[in-house]
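Chemist: Below are the sequence and a predicted model for it; my questions follow.
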Amino acid sequence: MTEYVVVLRARSAARFLPEEGFQLVVNVPKLDIVEVRIRTFTRWVEENGRNLPRELVIEVRGHASSLDEAVAKFTAIARPFATMVGFVANVRVGPLELHLAFDCTPTGVEREFLEAFVPDEQGGVSQGRIIQLSHFEAACRAFVTLATDSSRVDRALRQYELALREWYVGGEWLALNHLWIAAENLTKAVIRNTVTARGISEDVLARELGLVTDDPKRPRWKEFLGARVRKEIIFTGDDETYTAAKDASDALEHGYWELDKVATNALKSADKTFHYVRQSIVDLLGLAPEVANELNEIKPKDVQSMRKVVRGLLIGAAEDAAAEGELYPRLEWTSGIESVVREGATFHVKPQERITVRTHPDVGFRMERLEVYGRLENGEVRVRLSDDDVAISHTAPSPSRRLLGSVMPVINAAAASGADKGHTRASLFAFNMFGQAVASFKSIQVLVGARQPVEALPILRALVIIAGRFEQMTDPSGPGLGIAVRGVLDALEALDVGANLTETRRTEFLAAAQNQGLTIPDELAAPETTSIYASLGVEMKFAAEAANGTSGLHLQRVDAERLGFQVTLEPGPLTDMVSTGAVVAMLELLKQAASLFGWTLQSTDIDQLLGEARAVNESAAQLDLVPPASAMADNGE
């Protein structure tokens, strides 16, 4: 027999304190397991200086003949403990999933290992409860030593666990169905427990509950005893709750009621049925009176129904209020955590909400109030909670995104004005460059929309270089369209398609240029010498880092010693800088292209858009952006 460790995890609203946990060594004769150790605790994680609760962890360590046997048997041993965690705290615990299993023999050189991919819990922290360790320890020890009806209690606990998972607004009928099944599982156990406690027989109990046991014409009194015990003992004589729960369960099982009628009965009876079933389980566990009383006072907590609702007004006229590429106007909502304060066994988590408006550029949003809905402890109605402790950071529609969306109509209008103008070979080369610039601009739009401004930086540099070439082509003292020809010749040589073809095309292009009276420079001037490149110097600095794969823009500092990696970036200064840099480069290029190709421009619109874009761009470039890799601390992370 080899010693193995099997680790299982579950998303849980029941949590042990960071410094607490539970450990128990048990024998399980049914599984032929001797002295297996069970440890259960909550995984707490340090995130941005805050200690946050994550999954419930159950670790089982013991001997087995193989890794697969350890996984099968140890998982079966662990599940009741996860169920008991939810029962004691009276709150939802999700399905227990296998995470790790391995041979833990210290002297082994080759040891079996298994890991199932179970994503770590991340993001906001749901509502929950701290487990009182003394209650959990007492309940676990009582359960593992239960001599009578342990199987029935186990089945009832499992149904109770499933009821807690369905305990949300709209799921009451599902929760009630599991609770009723739990009550039916408990019935015979309650009968045995009652007659043992009172020192009477079942027929005496039946007579006390009003049943006739000595009439030959009524021999089925034992069948009726179960129903009478459920009503009078499990439901403590609460006829209204018992009848509503029974009718809802029967109607659901046999399908003779519409679900809305089942749900109505469930709303009337589910919360009280929770209490009656819980009380019966606690009684059967034989716990000390003080522990039993405290457990019975804990009500089921709904941790799934809380919803945050923003109310406000869409401001501004537009035929379709949705943003480009969107079906509807919407709010992009990110929930975070501002602070976590611990007071003894209580944790106060203050959320932080960030709202980004996704609407048509001419439509804004004015928030009026935030509403938070949940459930009252008795589980019957929704309730509006106070929003005093919720911080809202309202992000208005980004001017950089609006400017991005304003450029293409101007480009299309200008190009359409010159549609009937013919091209020479050289001007066609230049027009092809312009087409590449437009395609680059559109790809920047897509990447910015996908929250990947870092990946847009190299494309922005290509766009700026083309804009610089057009600036050189329209310089009265420069070689004009000869620059476009030189660009094609350089590209042809770089293709390495063969000396003969390269020379043939080179001769052809030079002859055409000579016929047009063009001067072809021996080499292209460096793009850094153009005014458009110089005006976007910060962008070009970041673009060089991104193109070389050494950019630190995807790194985010977690704390003083650690860095984290984020694939996409939240809209902010970098996105604004990339977006408006693209707008500036494209509009400046358009002005030069219009002059070169004889297009008509609405100069007022161009100048206004350029002024807005440069203003936003300069503001973004002055903010404290993540430094390039060369300036990052070398901490080896």
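Modeler: Okay, I see it. Computed from a prediction, not measured in an experiment: that's the story for all the values here. Numbering: from 1, shown residues only.
Chemist: How about the contacts made by A594?
Modeler: A414, G418, T600, L601 (CB atoms under 8 Å, 6 or more residues apart in numbering). In this view, the C-beta of every residue, glycine as well, is placed from N, C-alpha and C.
Chemist: looking at it, the third one is touching S417, isn't it?
Modeler: Same thing as T600. Yes. With contact defined as CB atoms under 8 Å, T600 reaches S417; the gap is 3.9 Å.
Chemist: Where does the prediction get shaky in the protein?
Modeler: Counting by pLDDT under 70, the chain has low-confidence residues at 376-398, 497-502, 557-563, 603-604, 621-637.
Chemist: what's the residue closest to the geometric middle of it?
Modeler: G123 (6.3 Å; CA atoms, centre = their mean).
Chemist: Wasn't that residue part of a helix?
Modeler: No. Read with DSSP: H, G, I helix; E, B strand; the rest coil, G123 is coil and lies in no helix.
Chemist: ok, the contacts of A594 vs Q445, which is closest?
Modeler: A414 (18.1 Å; CB to CB).
Chemist: so what's the closest one closest to, chain neighbours aside?
Modeler: W599 (4.5 Å; CB to CB, 6 or more residues apart in numbering).
Chemist: that older thread, wait, what's in contact with the residue nearest to the centre of the chain?
Modeler: Here G123 is in contact with S335 (CB under 8 Å, 6+ apart).
Chemist: shift numbering so it begins at 59
Modeler: That works, and once the first residue is 59, the last one we named lands at G181.
Chemist: any idea how far L110 is from it?
Modeler: Remark: distance between G181 and L110 (CB to CB, to the nearest Å) = 10 Å.
Chemist: Likewise for A381?
Modeler: 33 Å.
Chemist: With K246 instead?
Modeler: K246 is 44 Å from L110, by CB to CB.
Chemist: Identify the residues contacting the helix or strand harbouring A306?
Modeler: According to DSSP states H and E, A306 maps onto helix 297-312. Applying CB under 8 Å, 6+ apart, the external contacts of helix 297-312 come out as 231, 234-235, 237-239, 241, 288-289, 293, 315, 317, 319-320, 323-324, 326-328, 330-331, 334.
Chemist: these two touch, right, F489 and G656?
Modeler: No. Under the criterion of CB under 8 Å, F489 is not in contact with G656, lying 11.7 Å apart.
Chemist: Neighbour count for those two, which is higher?
Modeler: F489 (17 against 11; other CB atoms under 10 Å).
Chemist: ok, L156 - how many residues close by?
Modeler: L156, neighbours per other CB under 10 Å, totals 18.
Chemist: what does A605 give?
Modeler: 14.
Chemist: so it touches A514, yeah?
Modeler: No. A605 is beyond contact range of A514, at 11.6 Å (criterion: CB under 8 Å).
Chemist: related to what we said a few turns ago, buried subset of the contacts of helix 297-312 as a PyMOL selection?
Modeler: The following PyMOL line selects those of these that are buried, judged by 16 or more other CB atoms under 10 Å:
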select buried, resi 231+234+235+237+238+239+241+288+289+293+315+320+323+324+326+327+328+330+331+334
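Chemist: Quickly note the distance from the residue located most distally from the centre of the chain to L267.
Modeler: For the chain, the largest distance from the centre (CA atoms, centre = their mean) belongs to P274, which lies 65.3 Å off. As for P274, its distance to L267 is 20 Å (criterion: CB to CB).
Chemist: which residue ranges form the strands in the stretch 509-658 of the chain?
Modeler: 613-615, 621-623 (DSSP state E, counting those that start in this stretch).
Chemist: nope, the stretch 359-508 of the chain is what I meant
Modeler: Going by DSSP E, counting those that start in this stretch, the stretch 359-508 of the chain shows strands at 365-373, 388-401, 404-416, 422-433, 440-443, 449-453.
Chemist: And the stretch 109-258 of the chain, by the same measure?
Modeler: Using DSSP E, counting those that start in this stretch, strands in the stretch 109-258 of the chain cover 155-161, 171-173, 187-188.
Chemist: what residues does the longest one touch?
Modeler: Contacts with strand 155-161, where a contact means CB under 8 Å, 6+ apart, come from 60-68, 115, 125, 128-129, 132-133, 169-174, 176.
Chemist: just checking, which of those residues belong to helices?
Modeler: L125, A128, V129, F132, T133 (DSSP state H).
Chemist: Would you enumerate the residues in contact with the third one?
Modeler: So the one you mean is V129. V64, L156, A159, L172.
Chemist: now those residues as TSV including distance to V103?
Modeler: Rendered in TSV, the data for those read as follows (distance: CB to CB, whole Å):
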residue	distance to V103
V64	22
L156	21
A159	23
L172	24
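Chemist: neighbour-wise, which of the residues you listed leads?
Modeler: V64 (27 neighbours).
Chemist: Which residues are in contact with that residue?
Modeler: Counting by CB under 8 Å, 6+ apart, V64 has contacts E117, V118, R119, A128, V129, F132, T133, A136, L156, L158, A159.
Chemist: could you measure it against L172, distance?
Modeler: V64 is 9 Å from L172, where distance means CB to CB.
Chemist: Then L647?
Modeler: Counting by CB to CB, the gap from L647 to L172 is 58 Å.
Chemist: Kindly report the same for G526.
Modeler: Taken as CB to CB, the span from G526 to L172 is 58 Å.
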